[in-house]
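1. need a structure here:
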Amino acid sequence: MKKHLALGGIVMLLAACSHEGSSPSAKSDWGTGLNTIERKYNKPASDTYDAAMSSLKSLELTVDKDRHDEMGGEIVARRGDKSKVTVNVTAVDKNKSRASVRVDPGDSTLATLIHEKIADKLGMAAAKSAFFGGNTEDFPYDADLASGTDAADRTIRALGWNPTGKVVKTGEVRIDARAEDSTPVQIKLESVNDRAFPLKATFIAGHGNTEGGKTLIGRMHEEFDRQLGGHVK
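-> Predicted structure coming up:
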């Protein structure tokens, strides 16, 4: 059984608020499949809508339709080949929103790219250790880098989060993802010169010291322990 030395440690989908009738943020059938990607954002609908518009323009898409209000809205744009991109933003509550990005024909890669640009413009780029700390915790493990990497991959899948990147270097692996509300998270694994605990796992959530970030770190830590195969505190 892999031993673990703990150093410390410890968002459900809310009902969507929407207007009825012809409001631009009214609920609609977006279907499922490769051409539609939906994410929640821990930001007001108006902010998410503005970020979506800015993201489409930064990709040099031509905006054909722009209908919005304080509860969200709809953007229809065209790519250079005239294929359609539709973004629908709706409020979950006053501080949270949901965005659906639909690309016709099916192009989940572009839909994901648009979401990443939206997150970046909302100040939710990849997770990064805060200058004054508070959003990062390290834990040593009696495991090798390969086992830790497999456990980290399974952790992200088990939590139902969206993986956004993976960097593999000699003696180090970094896995980036987004939690349910699109908060960026990261699991960083490093081989260290310690016979008892040759693997260091670093869990990072968001960019600052928040209670939400601490909760996400706790969830990553707990699930990673489970996926790695047990631990001793």
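2. Just the helices from this structure, written as ranges.
-> 45-58, 108-121, 145-159, 211-228 (DSSP state H).
3. Columns distance to A77 and mean pLDDT on top of those helices, output as CSV?
-> From N, CA and C alone the C-beta is placed, and that goes for glycine too. Converted to CSV, those look like this (distance: least, Cβ to Cβ, whole Å; pLDDT from 0 to 100):
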stretch, distance to A77, mean pLDDT
helix 45-58, 5, 96
helix 108-121, 10, 93
helix 145-159, 30, 97
helix 211-228, 32, 95
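4. Can you say which of these is packed in most?
-> Compared across these, helix 45-58 shows the largest average neighbour count, a mean of 22 (mean count of other Cβ atoms under 10 Å).
5. Which strands or helices does it pack on?
-> Applying 3 or more Cβ pairs under 8 Å, 6 or more residues apart in numbering; DSSP states H and E, one finds that helix 45-58 contacts strand 62-69, strand 72-78, strand 84-93, strand 96-103, helix 108-121.
6. Show me what counts as buried in the shortest one.
-> Judged by neighbour count using 16 or more other Cβ atoms under 10 Å, the buried positions of strand 72-78 are G72, G73, E74, I75, V76, A77.
7. could you give the angle of that strand to strand 84-93?
-> Interaxial angle of strand 72-78 relative to strand 84-93 (axes from the mean of the first three to the mean of the last three Cα atoms, to 10 degrees): 170 degrees.
8. Direction included, what does strand 72-78 pair against?
-> strand 62-69 (antiparallel), strand 84-93 (antiparallel) (DSSP bridges).
9. pLDDT of it, averaged?
-> The average pLDDT within strand 72-78 is 95.
10. repeat for stretch 82-93
-> Mean pLDDT, stretch 82-93: 94.
11. if we can go back for a sec, spatially, which two of the buried residues of strand 72-78 are the most separated?
-> Spanning the widest gap among the buried residues of strand 72-78 are G72 and A77, at 16.2 Å by Cβ to Cβ.
12. Kindly indicate which of the buried residues of strand 72-78 lies nearest R39.
-> Using Cβ to Cβ, these come closest to R39 at G72, 13.6 Å.
13. Pipe the helices and strands packed on helix 45-58 into TSV and attach distance to D138 per row.
-> Compiled in TSV, those are given as follows (distance: least, Cβ to Cβ, whole Å):
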stretch	distance to D138
strand 62-69	43
strand 72-78	39
strand 84-93	33
strand 96-103	30
helix 108-121	25
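14. closest one to V92 among the helices of the chain?
-> Of all the helices of the chain, it is helix 45-58 that lies closest to V92, at 8.0 Å by Cβ to Cβ.
15. Run the angle between the closest one and strand 72-78 for me.
-> For helix 45-58 against strand 72-78, the angle by the same axes, to 10 degrees is 10 degrees.
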